[in-house]
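> From the sequence below, what's the structure:
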Amino acid sequence: MKKYLITGGAGSLGKALVKRLSENQENQIYVYSRDEGKHALSFGHNPNVTCFVGDIRDYDRLNHVFGIVKPDYVIHAAALKRIDDMELNPTECIKTNTNGSENVAKVSLQHKVSKCILVSTDKACEPVNVYGSSKFIAERIFTNYDYYSDHTIFSSVRYGNVIASRGSFIPLWVDLINSNKKLKVTSTEMTRFLFTLSDAVDVVLNSLHLSEGGEVFIPKIKSYTLPSCINALGELLQKTPEYDVIGLRPGEKLHEDMLGESELHFTYEIKTSNIDLLQVRPQYTKRIFTKRPVYKGLHFNSSLHVSEKVDELLTLIKRGLLDTIDDV
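Residues are numbered from 1 along each chain as shown. This next block holds a predicted model:
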């Protein structure tokens, strides 16, 4: 039996992780989050899930719960994520995303967790906003904790926009198009990395399994322009969407980064059965890593990995929307 503790386990990714991990009846899953309402609604029927109400800002509560659970693996998905809100509330963002992440790392080390992985974001790569900066520091904290750990492996995983997760623009646009309302588009040149919630679960669990210490994992996924997204949704809904261009919001990038140019020199490739990964190894480490091929491609800026295939995007969006219908 393996014990998994998921912080922020009542969120979109958390619920999807619980569902996937529950497929193995031997897994015991623990959810740690502030949303007690979702605990009962999402997990009340699942005998393999135990929920704890708590905030990652509260070290004493975390320490108490870890002492009860004694988890083997920790997936740290709790975070404040809305970019514009975090620009206006930077101190709150730091308290949760940075200080809270250190609390999770500290208790994982203290309770000798086998592996602890931080769910990060593409916005942590060469950040321009508070949210991305808070996650950038959280990644560095996990790498630093790994450097001083002789038992717990710490690592991080970055990824892009998850279709139909909480806050995603795709379901918002679907509702607007179905209501014959205009879309608000920041820029017709904007590109974004997109994949489904099921893909995100695959990436997180593969990264957890493959982690060797202090690294950051990045999925090799494609990006799409906002006009391509509009065209794909138009085909899906059999309508011609109208839109207004409103310009970038505070803290928003025209193109996202998942792998920076400065990281190319210590990045390696990992083949998996679904989405291949890049492994960005720490520049200071005591770990001995598995021999893998060096990544020799371009850095991962969304403008450099654009797919113009609307049919491909349409299939991806359909898969992504089905994830929400089949959610726990």
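> for the stretch 51-200 of the chain, what spans make up the strands?
73-76, 115-119, 153-157, 161-162, 183-185, 191-195 (DSSP state E, counting those that start in this stretch).
> Reformat these as JSON lines; add distance to Leu314 and mean pLDDT.
For the C-beta atoms, the positions are set from N, CA and C on the backbone; glycine is no exception. Conversion of the strands of the stretch 51-200 of the chain to JSON lines gives the following (distance: least, C-beta to C-beta, whole Å; pLDDT from 0 to 100):
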{"stretch": "strand 73-76", "distance to Leu314": "31", "mean pLDDT": "98"}
{"stretch": "strand 115-119", "distance to Leu314": "27", "mean pLDDT": "98"}
{"stretch": "strand 153-157", "distance to Leu314": "27", "mean pLDDT": "98"}
{"stretch": "strand 161-162", "distance to Leu314": "16", "mean pLDDT": "90"}
{"stretch": "strand 183-185", "distance to Leu314": "17", "mean pLDDT": "91"}
{"stretch": "strand 191-195", "distance to Leu314": "12", "mean pLDDT": "93"}
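> quick one, what contacts the nearest residue to Ile246 once chain neighbours are set aside?
Leaving out its chain neighbours, the residue that sits closest to Ile246 by C-beta to C-beta, 6 or more residues apart in numbering is Lys184, at 5.1 Å. Contact analysis of Lys184 by C-beta atoms under 8 Å, 6 or more residues apart in numbering lists Tyr243, Asp244, Ile246.
> Drop the exposed ones from the residues you listed and show what's left.
Using 16 or more other C-beta atoms under 10 Å as the burial test, these include Tyr243 as buried.
> can you redo the contacts of Lys184 as a markdown table with secondary structure?
Shown next, in a markdown table, are those (DSSP: H, G, I helix; E, B strand; the rest coil):
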| residue | secondary structure |
| --- | --- |
| Tyr243 | strand |
| Asp244 | strand |
| Ile246 | coil |
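> any chance of the contacts of Lys184 in a markdown table, plus pLDDT?
Shown next, in a markdown table, are those (pLDDT from 0 to 100):
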| residue | pLDDT |
| --- | --- |
| Tyr243 | 92 |
| Asp244 | 92 |
| Ile246 | 92 |
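> which helix of this structure spans the most residues?
With secondary structure taken from DSSP state H, the chain has its longest helix at helix 130-147.
> That one versus strand 153-157: what angle between them?
Taking axes from the mean of the first three to the mean of the last three C-alpha atoms, to 10 degrees, one finds that helix 130-147 is oriented at 160 degrees with respect to strand 153-157.
> Around the spatially closest residue to Tyr284 that is not a sequence neighbour, count how many other residues there are.
Residue nearest to Tyr284 in three dimensions, not counting chain neighbours: Tyr147, with 6.2 Å by C-beta to C-beta, 6+ apart. Residues lying near Tyr147 (other C-beta atoms under 10 Å) number 15.
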